[in-house]
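**Student:** Everything below, folded, please.
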Amino acid sequence: MKNILSIYARDLKNITRHWVAAVIIGGLILLPSLYAWFNIKASWDPYGNTQGVPVAVTNLDKGTTVRGHEIRLGDEVVRSLKKNKKLGWIFINQKKAYEGVRRGDVYASITIPEDFSKKIATVITGEPVKPEIVYYVNEKINAITPKMTEKGATGIVQQVSDNFVKTATGAMFKTFNELGIELEREWPTVKALEELVFRLEKSFPTVNRAVRIALEDVNKAAEITGKAQRGLARAARITRDGKEFTHRLHRFLDHLRGSTETLLPRVKDRIETVHQTAVSMQQLTSRLQKTDMDPTDVKSAVSEATGRLTAGLTATDHIIQLLERVNRLADQPILDPEIKRLQRIREGFQQQLMLLDRIESTVSNGEAPGKDLFRRWNDASRITQQRTQDVMNRLEGEFQPKIRKGLDQADSSLDRVQSILDETDRTLPDVNKIIRDATKGIAVGKKELRTIKEHLPQIEAKVHHLADEIRKAEAETDLGEVIDLLKNDFHKESDFFAQPVLLREVKLYPIPNYGSAMSPFYTVLSLWVGTLLLVSLLTTEVHDPHGVYKSYQVYFGRYLTFLTIALMQSVIVTVGNLFVLHTYCSDPLWFVLFGLLISAVSMLIVYTLVSVFGNVGKALSIVLLVLQLSASGGTFPVQVMPLFFQAIHPFLPFTYAISMMREAVGGAIWEIVWKDLSILGVFAALALLIGLALKEPINRKTSKLMESAKASQLIH
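**Tutor:** The predicted model follows:
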């Protein structure tokens, strides 16, 4: 590592000490950015500046007459083109137009023939003839321009077709519209009658179904009202029972409130007894921890403690049951905190009883209880003492007020229930009257529905007969539909037939101009060109008369120098794209960082080829560049390329470098970015493997060949 860094440090020192080398390297750093910037700027918006592409137009159309009206469609085309700024239209005669295309003064010419309008007019005859527009193009001037001019020519043809369709169908639909208005004015009564008859005819299945459903519903309603009348008696009985039940609950609450006033002092006495028991237990366990007692005395103490704890546990359960009853009767569980405190005391009693049982079992087996049992008993009794003391402190201030409040809330709830039951009792007679009235109305409705159902078949037969007569009179023609069709807006109809389908474009990753869209390709290309410039002017070998370096030290030490210059190239190219050319970029920071990574990988690949294979490596780097220009998909989709380029496409660094830069420009999909990064990492690993494994043996075998090549004084 020391020798590697010494090579790198010496290179940097030599650059700063020799101004000529510094100037050359400065030029090498700047040149790739100029390559990228000029290409991006030149292709900034080529398809938005086509108004400068000259296209000659010659109109020879003589026009024609259709039903007394003169039409000149060629003149209409010329007028529309004069408003069209997509191409540089030049209106000249046929001879100049042809010569202009032949000599390359204009890229293409469009000639409208003499019989253009005449042939279009044949559409109204029995033998229509399609007209032609003659298009001349000079494809040797430029590869892309013929595509632009061809689009302009097809646009003219499409425009003429659209205008003709719109005009012809417009005239046709206008006539139909006038006919429809006249028919509507002459046949309003017939139309109204026809619509009424057909509507009735169509609605009879629905009417029959509605009458049937109505009868079913009436029968169900009668059944429901009968059940409701029978249920009213039960509802009245339930209401009376409910009122009696609430009276009993009131008495129970009064009794509970009285028992609570007498019970609380007893609870207080018991908690005090339990508290004293816990104190005595703590003293006993403290003494047992310090001295050894006779097993008989221990057993006696345990028996007495068990009796006291059992009594305390029973008293605690009684208090918990009382509080839970009050809690259920109240509007809300206001005694939950007190119940939880008592439950913790009960848990403490149970824990002590469990420990006492273990101590008693140990003594009964003739063994001495361990001090750990006495310590745990002592801790449990101390915690229980604290909890009982906490409950004693809260008894006067919290327990009694909350119990009274819970009983008061329960009493209020019962008052509300009592009020609701009283209101229900008063309302039941009115409900009974409503149900009796509904029963009478249902009976009347049922009778009328049966009458309608009996006469409905006769009415339906008459309407069907009338509808058949109307159909016979119209002789398979629905006059109403014809009039509706003829009345349509002829302008909208002609517009629709001229352009029945519209294209709605949705851009997922919009890029405002072509130059920004091409910036990933030209950026990656300029970085590769920058690496080629570096290996062309700078040597990959170390010529130090004072030091002897191993092959891998030369490889890494000189690579650090190349890498430093390449990263500077990348920063200037990417930052210049953003702030000099102002190219669009969704993620500018990642654009710069991806550029640094791509520059490092490209430099490693080219540097390794040259470092290992010498001038052959330079040739390989150029060949690799040429292949990547075509097969990476940077300009045209790889799917339109020949099969050879499609086959090598996945194995080229450009493919993944351009893809990664496109993610930064358009908006990153990180799955794609990580894939590109991984594959570029594979290329970098392969380059390192080749450099470390092959540099020394190949350099040793090719050294004489290189000396012979240099002796020619043509190759360095």
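**Student:** for stretch 27-41, which positions count as buried?
**Tutor:** Judged by neighbour count using 16 or more other CB atoms under 10 Å, the buried positions of stretch 27-41 are Leu28, Ile29, Leu30, Leu31, Pro32, Ser33, Tyr35, Ala36, Trp37, Asn39, Ile40. Every C-beta, even on glycine, is put in place using the N, C-alpha and C of the backbone.
**Student:** Need the residues that contact it.
**Tutor:** 515-516, 518-519, 522-523, 525-527, 529-530, 533-534, 537-538, 565, 568-569, 572-573, 576-577, 580-581, 583 (CB atoms under 8 Å, 6 or more residues apart in numbering).
**Student:** what about 7 Å?
**Tutor:** Stretch 27-41 is contacted from outside by 515, 518-519, 522-523, 526-527, 529-530, 533-534, 537, 565, 568-569, 572-573, 576-577, 580-581, 583, using CB atoms under 7 Å, 6 or more residues apart in numbering.
**Student:** and if you look at stretch 527-545?
**Tutor:** With CB under 7 Å, 6+ apart, stretch 527-545 has contacts from 7, 24, 28, 31-32, 35, 549, 554, 557-558, 562, 565-566, 569-570, 573, 595, 598-599, 602-603, 606-607, 610-611, 618, 621-622, 625.
**Student:** Write the PyMOL selection for whichever of those are buried.
**Tutor:** Here is the PyMOL command that selects the buried residues among the contacts of stretch 527-545 (16+ other CB under 10 Å):
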select buried, resi 7+28+31+32+35+549+554+557+558+562+565+566+569+570+573+595+598+599+602+603+606+607+610+611+618+621+625
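**Student:** so is Pro369 in a helix, a strand, or just coil?
**Tutor:** coil (DSSP: H, G, I helix; E, B strand; the rest coil).
**Student:** so what's it up against?
**Tutor:** Val298, Ile359, Thr362, Val363.
**Student:** mind listing what's buried in stretch 79-92?
**Tutor:** Neighbour-count burial for stretch 79-92 flags Leu81, Lys86, Leu87, Trp89, Ile90 (criterion: 16+ other CB under 10 Å).
**Student:** Just the endpoints, please. Distance across it?
**Tutor:** Terminal residues of stretch 79-92 are spaced 14 Å apart (CA to CA, to the nearest Å).
**Student:** Number the chain from 644, please
**Tutor:** OK, 644 is where the count begins now, so the last one is stretch 722-735.
**Student:** Mind picking the two most distant members of the buried residues of stretch 670-684?
**Tutor:** Maximum pairwise distance in the buried residues of stretch 670-684, criterion CB to CB, is 20.1 Å, between Leu671 and Ile683.
**Student:** Determine how far the last residue of stretch 1223-1240 lies from the first.
**Tutor:** Per CA to CA, stretch 1223-1240 runs 22 Å from first to last residue.
**Student:** and what of stretch 702-716?
**Tutor:** OK, stretch 702-716 end separation, CA to CA: 10 Å.
**Student:** mind listing what's buried in it?
**Tutor:** For stretch 702-716, a neighbour-count test (16+ other CB under 10 Å) marks Asn702, Asp704, Gly706, Thr707, Ile714, Leu716 as buried.
**Student:** Closest to Thr949 out of the residues you listed?
**Tutor:** Using CB to CB, these come closest to Thr949 at Leu716, 118.4 Å.
**Student:** How about the contacts made by the closest residue to the closest one other than its chain neighbours?
**Tutor:** Residue nearest to Leu716 in three dimensions, not counting chain neighbours: Ser760, with 4.6 Å by CB to CB, 6 or more residues apart in numbering. Counting by CB under 7 Å, 6+ apart, Ser760 touches Asp704, Gly706, Thr707, Ile714, Arg715, Leu716, Gly717.
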